[in-house]
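# Return atomic coordinates for the entry below.
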Amino acid sequence: MAIKWSEKAVSVEALSFSPPIVILTQDDLKKIAAYKAVEFVESGMVLGLGTGSTAKYALDRIGELLRQGKLTNIVGIPTSKKTQEQALSLGIPLSDLDRHPTIDLAIDGADEVDPHLNLVKGRGGSLLREKMVEGACKKFVCIVDESKLVKHLGGNGLALPVEVVPFCWKFTANKLQNLFQRSGCVAKLRNDCEGNPFVTDNGNYIVDLYLKKELGDSQIASDAILRVAGVVEHGMFLDMATTVIVAGERGITIKNKG
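Purely as a prediction, here's the structure:
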């Protein structure tokens, strides 16, 4: 009887040391991707600092490494007022594109990533400054969780943002909707939490395009949108990301351009 009890005890002890099952949340995955991206950062770099929930983790990590003395002589170029405020609170020195027209590295998130590393950005409302900063960098590392991967831009049925001037925005929205009528496009003005028009850091509005079908050739669509009078910029970031870091349940995947 004593032998049987002893065998049972060993079995229970073995079970108690089994590794626990860890279920990663979307925020966990964002943080993992962001920390991986910061590994590309070196002392002395001029950095483009992205906007949004994923980029926030990257800024936190950069600030931490600066405090620890593991990074030095960093200059950040923020892509929004919100990012500027966060960077200042973390002690990250800031500048702008006028003084630093060439950026070594930019780190930012995305709302969608297609198989060619083209992106949709701007659902947070900072697409114009993001495109200016990330278009000036030598290397643009995009960080996402695997839910952002799509077969084609607009593929998750969520907004394709277009920044427009407030003057006669309905006229501009109708032009955009008619432009992609074959894709079942519906153009909607973005509102803030109080029901008023959402205003960007640049004083503009955002018209969100919702597509039922594929947009078609992204470059042709991009050119067509920019030709509409009243459009300032759109949220398709084509051929801009040099590296995309994807965090998923099975770990990190790094996809490089070309």
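
# Quick check, Val231 in contact with Phe167.
No: Val231 sits out of contact with Phe167 when judged by CB atoms under 8 Å, with a separation of 11.9 Å. The way it works is simple: take the backbone N, C-alpha and C, and place the C-beta from them, glycine included.

# Compare neighbour counts for these two and give me the winner.
Between Val231 and Phe167, Val231 has the larger neighbour count (other CB atoms under 10 Å), namely 19 against 10.

# Break this protein down into its structural domains.
According to automatic domain parsing, the chain is divided into the following domains: 10-149+238-257, 159-233.

# mind putting those domains in a markdown table, mean pLDDT included?
Converted to a markdown table, the domains of the chain look like this (pLDDT from 0 to 100):
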| stretch | mean pLDDT |
| --- | --- |
| domain 10-149+238-257 | 92 |
| domain 159-233 | 96 |
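
# now the closest residue to Gly63 other than its chain neighbours: how far from Gly184?
Nearest in space to Gly63, with sequence neighbours left out and distances taken as CB to CB, 6 or more residues apart in numbering, is Leu90 at 3.0 Å. Shown here: Leu90 relative to Gly184, a distance of 43 Å by CB to CB, to the nearest Å.

# mind listing the strands for the stretch 151-258 of the chain?
Assigned by DSSP state E, counting those that start in this stretch, the strands in the stretch 151-258 of the chain fall at 160-164, 186-189, 205-210, 231-234, 236-237, 243-248, 251-256.

# Looking at these, which is nearest to Gly44?
strand 243-248 (19.9 Å; CB to CB).

# tell me the angle of that closest one relative to strand 251-256?
Going by axes from the mean of the first three to the mean of the last three CA atoms, to 10 degrees, strand 243-248 is angled at 160 degrees with respect to strand 251-256.

# Could you name the helices and strands sitting against strand 243-248?
Where contact means 3 or more CB pairs under 8 Å, 6 or more residues apart in numbering; DSSP states H and E, strand 243-248 is packed against helix 26-38, strand 137-145, strand 251-256.

# please redo it, this time with the cut-off set to 10 Å
Packing partners of strand 243-248 (3 or more CB pairs under 10 Å, 6 or more residues apart in numbering; DSSP states H and E): helix 26-38, strand 103-108, strand 137-145, strand 251-256.

# looking at the domains of the chain, which is buried most?
Of all the domains of the chain, domain 10-149+238-257 has the most neighbours on average by mean count of other CB atoms under 10 Å, namely a mean of 18.

# you'd agree Arg190 is up against Tyr210?
No: under the criterion of CB atoms under 10 Å, Arg190 is not in contact with Tyr210, lying 11.4 Å apart.

# what residues are shared contacts of those two?
Each of Ala159 lies in contact with both Arg190 and Tyr210 under the rule CB atoms under 10 Å, 6 or more residues apart in numbering.

# returning to what we had before: out of the strands of the stretch 151-258 of the chain, which gets nearest to Val199?
strand 205-210 (6.8 Å).

# Report the inter-axis angle for the closest one versus strand 160-164.
Using the same axes, to 10 degrees: strand 205-210 against strand 160-164 is 150 degrees.

# just so I have it, where are all the strands in the stretch 1-150 of the chain?
46-49, 75-78, 103-108, 112-113, 119-120, 137-145.

# by contact count, what packs against the fourth one?
The one in question is strand 112-113. strand 119-120, strand 137-145, strand 236-237.

# Turn the ones you listed into CSV, including distance to Ala247.
CSV is the format used below for these (distance: least, CB to CB, whole Å):
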stretch, distance to Ala247
strand 119-120, 16
strand 137-145, 5
strand 236-237, 19
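
# between these, which gets nearest to Ile32?
Of all the helices and strands packed on strand 112-113, strand 137-145 comes closest under CB to CB, at 8.5 Å.

# How far off centre is the closest one?
8 Å (CA atoms, centre = their mean, to the nearest Å).

# Contacts only, for the residue most central in space within the chain.
The residue lying closest to the centre of the chain (CA atoms, centre = their mean) is Gly109, at 1.8 Å. Contacts for Gly109 (CB under 10 Å, 6+ apart) come out as 30, 33-34, 37, 50-58, 119, 121, 123-124, 130, 142-145, 148.
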